[in-house]
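In: Using only what follows, build the 3D model:
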Amino acid sequence: MYLFDISKFNDTINTFIWTKFGVWLLIATGIILTLLTKFFQVTHVGHWMKKTVGSLFEKKVKGHSKDKGSISQFQALCTALAATVGVGNIAGVAAAIMAGGPGAVFWMWIAAFFGMMTNFSENILGIYYRRRNKHGEWSGGAMYYLEDGLGGYKGMKLVGKILAVIFALCAILASFGIGNMGQVNKIVLNFTRAFKNKALTDHVLYSSGGKDVTLYMLIIGIVLLVVVGIVVLGGLQRIALVAEKIIPFMVVMFILGSLGIIFGNAAHIGSAFKAIFSMAFSKQAVWGGACGVSLKTIMTQGCKRGVFSNEAGLGSSVMVHSNSNVVEPVKQGLWGIFEVFADTIVICTMTALTILTSGVIDLKTGVAVTDDDSTLVAEAFNTVFKVGKFEYGRYFIALAITLFAFTTVLGWSHYGTKAVEYLSGKHASVATKIYKVVFVCMILSGALMTSSIAWDISDTFNGMMMIPNLIGVLALSPLVMKLTKNYVDRRLKGKDVKPMLSHFPEIEAEHERIIKETGED
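Out: Alright, predicted model coming up:
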């Protein structure tokens, strides 16, 4: 009864945040920022593409930073993508389609389009308000631009501080759930289903809530605990090194695998896109009539899953982007645009098209071959990658989810660490070490978890991060406009104007000196 009450209370808050208020505030913020920056993601698409994916082979972008307190721009992107490219890109997209129909994909695109400018703005503010900690490492994120930015307005000092503390607390709690136990639980469940081992599975350690916890689950949990522990306890530099190796590889492999499915079912590509666009607005489209899916559900599922996937507006990835060795705030903002583009427009679209072209969901009736979201994508891959009894598609998806979720755990460990650092002040060194140890130990709990309550509650905390962050971003939108205009005037129009690089005069001077010495553009 007690568990039921907690679950019911959490569902009420979760529904309010993700369905009735938060997700719409998020979209509204993206729209406002898009308008204020004059559709920067469209009008300057060539520039941000050139300065992000077009610069990946430049040493100053990909080369490791000599500054031990920072990481390269490419490492910052990979570490941010490590946390955002996760289970949501596979199971999340499938869940959105199963609940909201193909039209949900259209609303994922809409959320991503406006989310690009939200992420752009967060990154700009993260760099502008960051500062060095006592170890010489950069510390930035929503906590700092809420306290120093929003709190800098007349009469808003206390409000800014309170919102910063709320954000940090929610980030820590979310890191244990969404960023740890939930991801690990998905790894274990998918791995044990795909790579069956009867001896280990039949060895039941105990049962809880009608579900068995097996020796197989324990072994995988211990392996993950050790591997994650080695990486996380090595600090951000080690996390970034692992991320820059795994992320490009797994993204490319997943895209290639998805293209294999899509072109293997090329005859259905037209039908898939027709379903996406026709069912995005129609209240009583074929799918809606068959399944009772309302327009509101279609929009909500698409927007929510899009946000859940790319995290634009949550203020989470800012904490790692702020560690970049870049000196131009807007330059890191460009990577924020690309991050959302890569995560949702590219990867999530690949997942959606594999589902919609493979026939695992009937586009007329909405009937799926399975009611499990991650299994649905595996079935889609099996339509092409299956030889006799060997279901290579299922193995591929199990490994993809393992790598996606594993890197998500690494990325979120950094977010939690930075939140703890902010809250603990002068005791940060000890507090962050304790946090990392607890974070690693919680992996075993995730592996053996049989109830979804931990995932559900942390999903709520994940959403609760969003509210104070968006308040800060909206309040500081005039500054975002000034910083963007300053960058465009100097870098694109060649005007001789003084750069705006940091909130702090001493860091501003340091960055101006770097620009003069290196000629950074």
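
In: what about the helices in the stretch 351-500 of the chain?
Out: Under the criterion DSSP state H, counting those that start in this stretch, helices of the stretch 351-500 of the chain are mapped to 373-382, 392-424, 428-448, 453-475, 477-487.

In: a markdown table for those helices, including mean pLDDT, distance to residue 212 and mean neighbour count?
Out: Every C-beta, even on glycine, is put in place using the N, C-alpha and C of the backbone. Putting the helices of the stretch 351-500 of the chain into a markdown table (pLDDT from 0 to 100; distance: least, CB to CB, whole Å; neighbours: other CB atoms under 10 Å) gives the following:
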| stretch | mean pLDDT | distance to residue 212 | mean neighbour count |
| --- | --- | --- | --- |
| helix 373-382 | 80 | 19 | 24 |
| helix 392-424 | 88 | 19 | 24 |
| helix 428-448 | 91 | 11 | 18 |
| helix 453-475 | 83 | 18 | 23 |
| helix 477-487 | 95 | 51 | 19 |
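
In: Can you say which of those helices is nearest to residue 264?
Out: Between residue 264 and these, the shortest gap by CB to CB is with helix 373-382, which sits at 9.9 Å.

In: if we look at the closest one, which residues are touching it?
Out: 87, 90-95, 98, 186, 190, 193-194, 257, 261, 351, 354-355, 358, 360-361, 368-370, 391-394, 396-398, 401 (CB atoms under 8 Å, 6 or more residues apart in numbering).

In: And for stretch 145-159?
Out: Outside stretch 145-159, the residues that touch it by CB under 8 Å, 6+ apart are 125-126, 128-129, 160-161, 163-164, 167, 468-469, 471-472, 475-476, 479, 503.

In: List the buried residues for it?
Out: The neighbour-count criterion (16 or more other CB atoms under 10 Å) identifies 145-152, 159 as the buried residues of stretch 145-159.

In: tell me the mean pLDDT over that stretch?
Out: Taken as a whole, stretch 145-159 carries a mean pLDDT of 95.

In: CA atoms only for that stretch - export them in CSV, please.
Out: Listed next in CSV are the C-alpha coordinates belonging to stretch 145-159 (Å, rounded to 0.1, in the frame of the first residue of the first chain):
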residue,chain,number,x,y,z
TYR,A,145,24.0,30.8,-14.4
LEU,A,146,21.0,30.6,-12.1
GLU,A,147,23.0,31.9,-9.1
ASP,A,148,25.2,34.4,-10.9
GLY,A,149,23.0,35.2,-13.9
LEU,A,150,19.4,35.1,-12.7
GLY,A,151,20.6,36.0,-9.2
GLY,A,152,22.4,39.0,-10.6
TYR,A,153,19.1,40.8,-11.4
LYS,A,154,17.9,43.2,-8.8
GLY,A,155,16.0,41.5,-6.0
MET,A,156,16.6,38.0,-7.5
LYS,A,157,19.7,36.9,-5.5
LEU,A,158,17.8,34.5,-3.2
VAL,A,159,15.6,33.2,-6.0
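
In: Report how many residues lie close to the residue nearest to residue 208 when sequence neighbours are not counted.
Out: The shortest distance from residue 208 to any residue that is not its chain neighbour, by CB to CB, 6 or more residues apart in numbering, is 4.4 Å, and that residue is residue 450. By other CB atoms under 10 Å, 15 other residues sit near residue 450.
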